[in-house]
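*Asks:* Coordinates only, no sequence provided:
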Ligand SMILES: Cc1cc2nc3c(=O)[nH]c(=O)nc-3n(C[C@H](O)[C@H](O)[C@H](O)COP(=O)(O)OP(=O)(O)OC[C@H]3O[C@@H](n4cnc5c(N)ncnc54)[C@H](O)[C@@H]3O)c2cc1C
């Protein structure tokens, strides 16, 4: 069984597709929904259990083009929503860095985007959903009806039951073009200065960072929907990596050459279609195969505490010589999520891919974990395949309350891994 990181996990005993949203849950135990498998590790994996594929729940149920309120089944992809609503001047209020995720998966991981400092997480824009529990009960959950199940299911890692459909509020945009600005930075002081200004001026902010540089350097990227630019998205053909390579093409030599070239490339400025700006990796289908048969880990954490822990974290990675082209730094704002186990909290959000080199990679993660724990931060379960139970527990103070809402028939390889270690 492989999710996006291509790491090997124990396979499910049974895979089931629900014929409709009114169907009953299968009898096999333990149960877990699988959306589109865009989580990197085992949060969507149910080794030895029953996996419920939700892509068959793909119907649009209602759309009010005046208010932007949309009701869809949980297996609908964000890309399918964009296809329907963008011609009518509507857009997703929050979107992760790929549009190939389902609505159920976006709620269960309470995903965030480049506009977290303004809009918070996806869950903030969810009006309500139906939760199908294993005893057959169907709960409508919102901020006022079954509010505790609402809060537990947003960011609830698929453990509270199956979301069959959901209602979300979209946002109006006057154009599908995004006007972007890019600036190089040298050192973390300059990053924080540019980032502060970018957050004031722009809806979307994110930085690429050179993970091998002894002194942190990178490119600050920000953007806003244009007021009146051409609103027709330019269709682009995605490249495809047709097969998994035998070994990772990412090593110190290729990485250093790439990072140098990328840092010095001409910077993009001005208007362009939203796709390449919000979803740069969607332009290369199955890019995860570049990491070879052993797969790769993503290490994503949030570090409160400003410059000092961030500098230590980056120095630790640079000294290790490990890492990847994909190295992202963003600051989360203080817009609270409704979810009990949501990942974002105020601080620096870092996401790095690492080819799986076995014990050396895992030893590096132990050192990074210590920095995250000392800063009072947390790791993102959607990207995780190895976090120790103690770090999960210390990072998520809502965990104890959350466990009361876990459906007794639902579980995941992630959940068993972090809970059985307790
Ligand atoms: C290139 C790339 C970029 C990404 N960028 C970001 C980013 O910027 N921000 C971010 O937050 N994440 C990001 N992600 C992670 C991704 O957004 C999340 O992992 C998302 O939850 C995946 O959705 P999915 O539909 O593929 O769900 P899966 O990965 O299949 O499942 C995710 C979780 O949702 C549960 N689930 C799925 N459907 C249901 C349902 N109907 N009912 C109950 N539970 C359900 C599953 O059990 C599992 O626990 C990125 C991933 C990729 C590959």
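*Replies:* Alright, I've got the coordinates. On a predicted model such as this, the values are computed, not experimentally measured, just so you know. Numbers count the residues shown, from 1 in each chain.

*Asks:* Settle this for me: residue 367 is touching residue 315, isn't it.
*Replies:* No - contact between residue 367 and residue 315 fails when scored by Cβ atoms under 8 Å: they sit 10.5 Å apart. (Glycine included, C-beta is placed from N, CA and C.)

*Asks:* which stretches of the protein form helices?
*Replies:* For the chain, the helices defined by DSSP state H occupy 78-85, 103-108, 116-119, 147-153, 188-201, 252-264, 274-278, 307-320, 359-375, 389-395, 399-403, 413-420.

*Asks:* who wins for proximity to the ligand among those?
*Replies:* Among the helices of the chain, helix 103-108 comes nearest to the ligand, with 2.3 Å by Cβ to the nearest ligand atom.

*Asks:* Would you mind listing the buried residues in stretch 414-422?
*Replies:* By 16 or more other Cβ atoms under 10 Å, the buried positions in stretch 414-422 come out as 414-418.

*Asks:* The stretch 251-400 of the chain against the ligand: which residues are in contact?
*Replies:* 281, 382 (Cβ under 6 Å from any ligand atom).

*Asks:* The residue of the stretch 251-400 of the chain found nearest the ligand: how many residues sit nearby?
*Replies:* Minimum separation of the stretch 251-400 of the chain from the ligand (Cβ to the nearest ligand atom) falls at residue 382, amounting to 3.8 Å. Other residues lying near residue 382 total 27 when counted by other Cβ atoms under 10 Å.

*Asks:* hang on, it packs against residue 35?
*Replies:* No - Residue 382 lies out of contact with residue 35 (Cβ under 8 Å); the separation is 10.9 Å.

*Asks:* rewinding a little: ranking the helices of the chain by burial, who's on top?
*Replies:* helix 103-108 (a mean of 29; mean count of other Cβ atoms under 10 Å).

*Asks:* Skip the chain neighbours and tell me the closest residue to the residue of the stretch 251-400 of the chain closest to the ligand.
*Replies:* Leaving aside its sequence neighbours, residue 382 sits nearest to residue 109 (Cβ to Cβ, 6 or more residues apart in numbering; 4.1 Å).

*Asks:* I'd guessed the one you found sits against residue 384; true?
*Replies:* No - using Cβ under 8 Å, residue 109 is not in contact with residue 384; the gap is 10.8 Å.

*Asks:* Which residues are in contact with each of these two?
*Replies:* Common neighbours of residue 109 and residue 384, using Cβ atoms under 8 Å, 6 or more residues apart in numbering, are residue 43.

*Asks:* thinking again about what came up before, weakest of the helices of the chain in terms of mean pLDDT?
*Replies:* Mean pLDDT values for the helices of the chain show the minimum at helix 252-264, a mean of 88.

*Asks:* tell me the pLDDT at the residue of the stretch 251-400 of the chain closest to the ligand?
*Replies:* Note on residue 382: pLDDT of 98.

*Asks:* quick one: contacts for it?
*Replies:* By Cβ under 8 Å, 6+ apart, the neighbours of residue 382 are 39-41, 43, 109, 111, 300, 343.

*Asks:* Brilliant, that's me finished.
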